[in-house]
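Enquirer: Predicted model and sequence below, questions to follow.
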Amino acid sequence: MTPERRPEPFWNPTYRACRDNIVRLARAHPETWEWPVPACPGWNVRDVVAHLLEVCARAVAEVPRSAVLPPALALDSPLPQLLGSWEELDGALAEALERTPWLRRGMMLLDVFSHELDLRAALGLPVPREHPAFDDTLELAAMGFTMSVNAHHLPALRIETAGRGWPAGEGGPATSLRGPGLEVFRALTGRRTLAQIRALSWSAAPEPWLPAFTWGPFVPPARPVERGTQAGERRLWFLPPSLSSGVVA
């Protein structure tokens, strides 16, 4: 399965929307900057922002992950400086992305949206009902999962959410996986345990396909990092929920 390519630069405003959401959330809730982010073990809110700034800076500098970034980019800076540095890269990023392969641009969007959801879960904040990144990132996640299904030499299956569906694998589907779009996305991107993945709606026993949920940087966690969402629900509750008390959007 290959996602349809939209007219350029369809995703750059979408990446910017995710960045702006994260910047607003962080600035609005300074008391949370050292809070842990359960979906990213060992990281707090500041660490997630530092990671996103590093990914953006590498795209601007057009260097791989193994290359050393300029010393002027101080990833150990306090969060307000990290947020400002990220915003300042906006123009340079737009120019660099014109020379960036389409798949790398897509992975950047998948990364920033996934981490926006991680932060929203850590802060107990809802996901906007019409988030501009959701459709494209869900399709990208389904594409990556399809590659994993093929790499594991598994029978094909069909992924279905409300009003959308994708074939994953080669040949006719041997089973189908159904669930709320937000829940399927989190399952495909390493934020659901194998038990939570099993609890989605499968038309056959899911065990043969569970290894395919480990792909790229994504690995199902050993223990739940969020409570699963129900159809129509837009809030990602992390476990335990005590830190989210008193925080509003």
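Expert: Everything's here; your move.
Enquirer: Which helix or strand lies directly C-terminal to the helix or strand of the chain with the lowest mean pLDDT?
Expert: Lowest mean confidence among the helices and strands of the chain (mean pLDDT, DSSP states H and E): helix 90-97, at a mean of 89. Using DSSP states H and E, the helix or strand that follows helix 90-97 in sequence is helix 102-123.
Enquirer: Output that following helix as CSV - backbone C-alpha positions only.
Expert: These are the backbone C-alpha positions of helix 102-123, laid out as CSV (Å, rounded to 0.1, in the frame of the first residue of the first chain):
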residue,chain,number,x,y,z
TRP,A,102,8.9,12.7,0.5
LEU,A,103,9.1,9.8,2.9
ARG,A,104,11.4,11.7,5.3
ARG,A,105,8.9,14.6,5.3
GLY,A,106,6.2,12.2,6.1
MET,A,107,8.1,10.5,8.9
MET,A,108,8.7,14.0,10.5
LEU,A,109,5.0,14.6,10.4
LEU,A,110,4.3,11.2,11.9
ASP,A,111,6.9,11.9,14.7
VAL,A,112,5.7,15.3,15.6
PHE,A,113,2.0,14.3,15.7
SER,A,114,2.7,11.2,17.7
HIS,A,115,4.6,13.3,20.3
GLU,A,116,1.9,15.9,20.4
LEU,A,117,-0.5,13.1,21.4
ASP,A,118,2.1,11.8,24.0
LEU,A,119,2.2,15.3,25.6
ARG,A,120,-1.6,15.7,25.5
ALA,A,121,-1.9,12.3,27.3
ALA,A,122,0.7,13.3,29.9
LEU,A,123,-1.0,16.5,30.6
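Enquirer: just to revisit the earlier point, what angle do helix 102-123 and the least confident helix or strand of the chain make with each other?
Expert: Relative orientation of helix 90-97 and helix 102-123, computed by axes from the mean of the first three to the mean of the last three C-alpha atoms, to 10 degrees: 140 degrees.
Enquirer: ok now helix 90-97, how far from the chain's centre?
Expert: 21 Å (C-alpha atoms, centre = their mean, to the nearest Å).
Enquirer: Might you report the residue contacts of the residue nearest to the spatial centre of the chain?
Expert: With distances taken as C-alpha atoms, centre = their mean, residue 114 lies nearest the centre of the chain, 1.8 Å away. Neighbour list for residue 114: 137, 189, 191 [criterion: C-beta atoms under 8 Å, 6 or more residues apart in numbering]. Just so you know, the C-beta spots here come from the backbone N, C-alpha and C atoms, and that holds for glycine as well.
Enquirer: switch to 7 Å and redo it
Expert: residue 189 (C-beta atoms under 7 Å, 6 or more residues apart in numbering).
Enquirer: next one: residue 96
Expert: Counted by C-beta under 7 Å, 6+ apart, residue 96 has contacts 59, 60, 62.
Enquirer: One more: residue 157?
Expert: Applying C-beta under 7 Å, 6+ apart, the residues near residue 157 are 168, 169, 173, 174, 175, 176, 177, 209.
Enquirer: in the sheet, who's paired with it?
Expert: Beta-bridge partners recorded for residue 157 (DSSP bridges): residue 168, residue 175.
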